[in-house]
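Colleague: give me coordinates for this.
(one chain, ligands or ions: 2)
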Amino acid sequence: MTLPQDRAQTIADVLIEALPYIRRFQGKTMVIKYGGNAMVDAALKEGFARDVVLMKLVGINPVIVHGGGPQIGSLLKRLGKVSEFVQGMRVTDAETMDVVEMVLGGLVNKEIVNFINRHGGSAVGLTGTDGDLIRARKLLLRRDAPELNEPEIIDIGHVGEVESIDPSIVNMLVNSNFIPVIAPIGVGADGRSYNINADLVAGKMAQVLKAEKLLLLTNIAGLLDADGALIQQLDVGRVKTLIETGVIHGGMLPKIQCAIDAVQSGVKSAHIIDGRVEHAVMLDLFTDTGVGTLIRGR
Ligand SMILES: Nc1ncnc2c1ncn2[C@@H]1O[C@H](COP(=O)(O)OP(=O)(O)O)[C@@H](O)[C@H]1O
Ligand SMILES: CC(=O)N[C@@H](CCC(=O)OP(=O)(O)O)C(=O)O
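Modeller: Residues are numbered from 1 along each chain as shown. Ligands and ions are numbered 1, 2, ... in the order given. This next block holds a predicted model:
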């Protein structure tokens with residue numbers, strides 16, 4: 001079978017465009033946060049798995065950190081529990097923590113591992129407990145308000161922040177050609193499990209692994225300004241105002257915070273990209289057209 005000339009040219013153009021990126025990123029680590037909202041559609045999940053396998057085959061080391069907020073919410077709903085969020089974090093009582101462990105460490109983690117493996121990769125699923133990967137401490141939120149003399153401290157239960165990451169198990173897997181798939185559950189000094197926002201885990205993982213890029217896949221085009229227009233490149237100095245004026249709120253708060261922390265700690269760039277676009281990862285990495293919002297270090 002021969003290809004029509006224009007199609008053959010397109011294929012050649014695409015491969016040639018990808019070549020410098022493949023060369024530049026060979027041997028580099030990319031941490032990809034795969035958001036629960038970006039994994040609701042079967043075709044998107046297949047596309048994501050293919051992108052990750054392709055990355056590995058061309059010599060890039062993808063490390064996946066996944067979310068699963070909507071999936072946790074739907075099981076809680078079936079159990080008759082309503083979730084409340086404060087500053088983008090799920091209030092997590094003991095019963096909710098059990099559900100979080102079951103959904104993130106079980107259902108969601110194994111589904112992603114399975115998708116990648118069925119598309120020719122070798123993925124291994126972990127939670128922060130495996131190999132003592134993620135040490136957590138309890139997260140206490142602060143609320144500053146003009147009417148308060150001092151910040152209010154809000155306790156939201158079994159919610160953690162990353163205290164430290166021991167990347168030994170991840171490095172061992174990457175060096176043996178596996179693709180680590182990590183659920184954002186940390187273990188405290190008291191041996192208890194903590195529910196950690198997946199963006200925060202991805203950001204810290206990227207820092208500790210000295211990743212080239214942090215890719216945050218989500219369910220929106222990227223960071224939007226007050227008029228709803230896409231901010232293609234974020235000036236970090238603008239963020240405080242965007243938060244104070246409520247333009248950045250909810251789930252976008254931890255995303256922006258972790259992206260800024262990552263680039264200020266040595267990760268070359270962070271990208272908030274639209275996981276609803278098929279092959280968003282491949283388009284972001286291997287083409288001249290950037291997608292979503294780019295955040296660079298100073
Ligand atoms: N300025 C903003 N730009 C884009 N999205 C925003 C902004 N502020 C808040 N959001 C919300 O953040 C959501 C993404 O966060 P989240 O739902 O937690 O996604 P994920 O599951 O991918 O982590 C968007 O769908 C949007 O509703
Ligand atoms: C503390 C906290 O909010 N944890 C999140 C963990 C999952 C997550 O982050 O999922 P997404 O990336 O899909 O939002 C939660 O319980 O929903």
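Colleague: got a list of what the residue in the stretch 151-298 of the chain that ligand 1 sits nearest to touches?
Modeller: Residue of the stretch 151-298 of the chain nearest ligand 1, by C-beta to the nearest ligand atom: G251 (2.0 Å). Glycine gets a C-beta too; all of them are placed from N, C-alpha and C. Under the criterion of C-beta atoms under 8 Å, 6 or more residues apart in numbering, the neighbours of G251 are 69, 88, 218.
Colleague: give me the phi and psi angles of it.
Modeller: With angles defined as degrees, to the nearest 10, G251 sits at phi -60, psi -20.
Colleague: that older thread, inside strands: which ones of the contacts of G251?
Modeller: Judged by DSSP state E, strands contain the following of the contacts of G251: T218.
Colleague: intersect the contacts of G251 with the contacts of ligand 1.
Modeller: If you filter the contacts of G251 for contact with ligand 1, counting by C-beta under 6 Å from any ligand atom, you are left with 69, 218.
Colleague: contacts for whichever strand in the chain runs longest next, please.
Modeller: In the chain, assigned by DSSP E, the strand with the most residues is strand 152-165. Under the contact criterion C-beta under 8 Å, 6+ apart, strand 152-165 has outside partners 86, 89-94, 96-97, 100, 133-143, 145, 186, 188, 192-197, 200-201, 204-205, 208.
Colleague: near ligand 2 at all, the host helix or strand of I260?
Modeller: In this assignment (DSSP states H and E), I260 forms part of helix 252-264. No. Looking at helix 252-264 against ligand 2 by C-beta under 6 Å from any ligand atom, there are no contacts, and the closest approach is 7.8 Å.
Colleague: stretch 17-35 now?
Modeller: Yes. Remark: stretch 17-35 sits within contact range of ligand 2 at G35, by C-beta under 6 Å from any ligand atom.
Colleague: what about that stretch and ligand 1, touching?
Modeller: Yes. Taking C-beta under 6 Å from any ligand atom as the criterion, stretch 17-35 and ligand 1 are in contact, through G35.
Colleague: list the buried ones in that stretch?
Modeller: By neighbour count with 16 or more other C-beta atoms under 10 Å, stretch 17-35 contains the buried residues 18, 21-22, 25, 29-35.
Colleague: same deal with stretch 269-288?
Modeller: Residues 269-277, 279-286 are the ones in stretch 269-288 that count as buried (16+ other C-beta under 10 Å).
Colleague: and what of stretch 286-298?
Modeller: For stretch 286-298, using 16+ other C-beta under 10 Å, the buried residues are 286, 291-295.
Colleague: again with stretch 155-164
Modeller: Quick answer for stretch 155-164 (16+ other C-beta under 10 Å): 156-163.
Colleague: now stretch 104-116
Modeller: Across stretch 104-116, burial judged by 16+ other C-beta under 10 Å covers 104-105, 108-109, 111-113, 115-116.
Colleague: now stretch 163-180
Modeller: 163, 165, 167, 169-171, 173-174, 178-180.
Colleague: which ones among those residues map onto strands?
Modeller: 163, 165, 179-180.
Colleague: and the two most separated of those residues?
Modeller: Pairwise distances across those (C-beta to C-beta) peak at 25.5 Å, for the pair E163 and I179.
Colleague: I'm done for today, thanks for sticking with me.
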